[in-house]
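Undergrad: Structure for this input, please:
(one chain, ligands or ions: 1)
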Amino acid sequence: MALSDVKLAVIYYSSTGTNYQLSQWAVEGAKQAGAETKLLKVPELAPEAAINANPAWKAHMDATRDVPTVSTGDLEWADAYIFSVPTRFGNMASQMKQFFDTLGGLWFNGKLANKVVSAMSSASNYHGGQEATILSLYTSIHHWGGIIAAPGYTDPVIFASGGNPYGTSVTVDQSGKMLEDVRPAAIHQGKRTATVAGWMKKGMQG
Ligand SMILES: Cc1cc2nc3c(=O)[nH]c(=O)nc-3n(C[C@H](O)[C@H](O)[C@H](O)COP(=O)(O)O)c2cc1C
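TA: The predicted model follows:
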């Protein structure tokens, strides 16, 4: 089976663009590995007034208006998922959690089982909860029967760009600038998640 048969969805939430950028890099990596990809956002839940009060948030919303919103059909379509989500008080942003909470029907019908999954995150502080966020997201994946394909230290780029084996993570300053160069790690994560999904799919067809 060619890796081109692997379908990978990168599903993100972002207020100010960081996780959108991480997601684009992960797509780049998955494509390099030969996967068919979709880049999808989860629905925004915040009130219009809160978004409009934050120019960076408003600008990001406007800039990504055309990014398709994820549907349950996309989760059925994909063999693999990469989730990217900002850290909020050491946990995933509620927009992503709310999306997860719409997936009961798919889960009940076994449609989320055996998907290959990894996650990424960002936060404003170096130790602001990036890993806790990724691990909390992985808790839900265990319930789905997903196969977590964490990056570990499977490539030297992980040591060079922050060294997070749980999933790519980055720290952003108040202006939204990334303080570490995690592009190589996010690309590697995209490649690895797609590659493991290829192994998995081949094995299941075997
Ligand atoms: C309500 C709220 C809670 C946050 N909690 C944390 C936190 O626990 N630790 C941290 O370092 N940063 C925290 N942040 C900062 C965000 O993680 C940061 O803005 C985000 O990673 C940027 O990602 P984005 O550009 O994709 O929206 C918080 C931000 C908000 C608005």
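Undergrad: Only C-alpha atoms from now on, for both contacts and neighbour counts.
TA: Will do.
Undergrad: List the buried residues for stretch 97-114?
TA: 103, 106, 111, 112, 113, 114 (16 or more other CA atoms under 10 Å).
Undergrad: just stretch 121-140 next, same as before
TA: Within stretch 121-140, the residues scored as buried using 16+ other CA under 10 Å are 121-124, 126, 128-135, 137-138.
Undergrad: if we can go back for a sec, between the buried residues of stretch 97-114, which is nearest the ligand?
TA: Proximity of those to the ligand (CA to the nearest ligand atom) peaks at residue 103, which lies at 22.6 Å.
Undergrad: Which phi and psi values does that closest one adopt?
TA: Main-chain torsions, residue 103, degrees, to the nearest 10: phi -100, psi 10.
Undergrad: Which residue comes closest to it once chain neighbours are left out?
TA: Spatial nearest neighbour of residue 103, chain neighbours left out: residue 72 (7.2 Å); criterion: CA to CA, 6 or more residues apart in numbering.
Undergrad: burial measure for the one you found, as a count.
TA: The burial count assigned to residue 72 is 14, neighbours taken as other CA atoms under 10 Å.
Undergrad: Look up the pLDDT of it for me, please.
TA: As predicted, residue 72 sits at a pLDDT of 97.
Undergrad: any idea how far residue 101 is from it?
TA: Taking CA to CA, to the nearest Å as the measure, residue 72 falls 11 Å from residue 101.
Undergrad: Please give me every residue in contact with residue 123.
TA: Counting by CA atoms under 8 Å, 6 or more residues apart in numbering, residue 123 makes contact with 86, 87, 88, 129, 130, 170, 171, 172.
Undergrad: okay but the fourth one is in contact with residue 92, surely?
TA: In other words, residue 129. No - assessed by CA atoms under 8 Å, residue 129 is found out of contact with residue 92, at 9.7 Å.
Undergrad: Sort out for me which of the contacts of residue 123 are in helices.
TA: Counting by DSSP state H, the part of those found in helices is residue 130.
Undergrad: Name the single longest helix found in the chain.
TA: Ranking each helix of the chain by length (DSSP H) puts helix 183-205 first.
Undergrad: Please identify the buried residues of that one?
TA: Residues of helix 183-205 classed as buried by neighbour count (16+ other CA under 10 Å): 183-198, 200-201.
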